[in-house]
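Chemist: need a 3D model of the following:
(one chain, ligands or ions: 1)
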Amino acid sequence: MTRLRDQLEALRLRYDTDAALGLDPITVALAYDDPRDREVAAWLAASLAYGRVAPMLTAIRVALAPLGANPAAFLRGQSEKAIRVALGKALKEWRWRFHIGADVVEWLLAWKRLDAGEGLESAFLPKGEESADVALSRLVQRLRVELPGTYGLRFSLPDPLEGSACKRFRMFLRWMAREGWPDLGLWKRYPKAALVIPVDTHVARIARFVRLSTRATPDGRMAEEITAALRRCDPEDPLKYDFALSHLGILGDCPGVKRRPGCLPCPLYAACRAGR
Ligand code: SF4
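Modeler: Presented below is the predicted three-dimensional model:
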């Protein structure tokens, strides 16, 4: 495990760069200065973070533009009715794959309702002895009742207790609770050691290559399996390797078959079983 930890650490340092960050939706949140504005941007960006990266980033920025330079103040300072009118008009033609402009309006109004003056941390916090996943499931079930049942909003509300990997919720939680680069670290009470890796196709593939998981399907059980392996490398901060694992794939640096010389700069070369 020490050897794998060293390899993962080398991989983490390789992608600890602004160039890697430029293709990640967290850049949308990092463009704001105020912590609550970052949270609003992250809340929306994470829910829309699927599909091709470049058009996805454009779609998120266009969706946030009508809220101005201070999205949290925009949402806090107006009634739901006024927000519906203003954003409904501005986002009438907006689309991103499964999501339409009306979904964005409802998602932002959900932030306003959950905000309680201190952001969303309380809404995600486990109560008493319950697990972080039970707390997430409780919130998802609440939002499924409160929000319209459109295809886009249903797609935004997977439940971890139903077996979903919940990639976009996991990513949002990592951004908000984790303090190391490149995450926002805005939530101080959320249990960081309970964070679960947001599994996308890149993470799933590379995790199989280096045997962080043996599962074929990128579901909730795979996410738990990979996270358990990463916890053995760093029990307090298991997700510090997530950004590098995903960007090895996102940036096209992993050919999917272990071969020389293309793979030789990869710090996971010795552990990798790709193509075997
Ligand atoms: S050694 Fe090659 S195939 Fe294996 S993870 Fe690294 S880049 Fe991908």
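
Chemist: around residue 235, count how many other residues there are.
Modeler: Close neighbours of residue 235, defined as other CB atoms under 10 Å, add up to 9. C-betas here are computed from N, CA, C, even on glycine.

Chemist: pull the contacting residues for it.
Modeler: residue 193 (CB atoms under 8 Å, 6 or more residues apart in numbering).

Chemist: report pLDDT for the closest residue to residue 233 other than its chain neighbours.
Modeler: On the basis of CB to CB, 6 or more residues apart in numbering, the spatially nearest residue to residue 233 that is not a chain neighbour turns out to be residue 5, at 4.1 Å. For residue 5, the pLDDT comes out at 94.

Chemist: host element of residue 5?
Modeler: helix 2-14 (DSSP states H and E).

Chemist: relative to residue 202, how far out is the residue nearest to residue 233?
Modeler: Taking CB to CB, to the nearest Å as the measure, residue 5 falls 20 Å from residue 202.

Chemist: so which of those two has more stuff around it?
Modeler: Between residue 5 and residue 202, counted using other CB under 10 Å, the more crowded position is residue 202 (18 against 14).

Chemist: distance of the closest residue to that one other than its chain neighbours from residue 230?
Modeler: Of all residues not flanking residue 202 in the chain, residue 249 sits nearest, at 2.5 Å (CB to CB, 6+ apart). Between residue 249 and residue 230 the computed distance is 16 Å (CB to CB).

Chemist: what about those two, which has more around it?
Modeler: residue 230 (25 against 17).

Chemist: so the more buried one belongs to a helix, correct?
Modeler: Yes - under DSSP: H, G, I helix; E, B strand; the rest coil, residue 230 sits within a helix.

Chemist: so who does it touch?
Modeler: 8, 197, 212, 238-239, 241-242.

Chemist: check residue 173 too.
Modeler: Remark: with contacts taken as CB under 8 Å, 6+ apart, residue 173 is in contact with 124, 132, 136, 190, 195-196.

Chemist: neighbours around the closest residue to residue 116 other than its chain neighbours, how many?
Modeler: Counting by CB to CB, 6+ apart, residue 116 lies nearest to residue 122, which is 6.0 Å off, once chain neighbours are set aside. Close neighbours of residue 122, defined as other CB under 10 Å, add up to 15.

Chemist: so residue 122 is in which element?
Modeler: Per DSSP H and E: residue 122 is located in helix 121-124.

Chemist: burial count for the closest residue to residue 101 other than its chain neighbours?
Modeler: Nearest residue to residue 101, sequence neighbours excluded (CB to CB, 6+ apart): residue 91, at 3.1 Å. By other CB under 10 Å, the residues close to residue 91 number 20.
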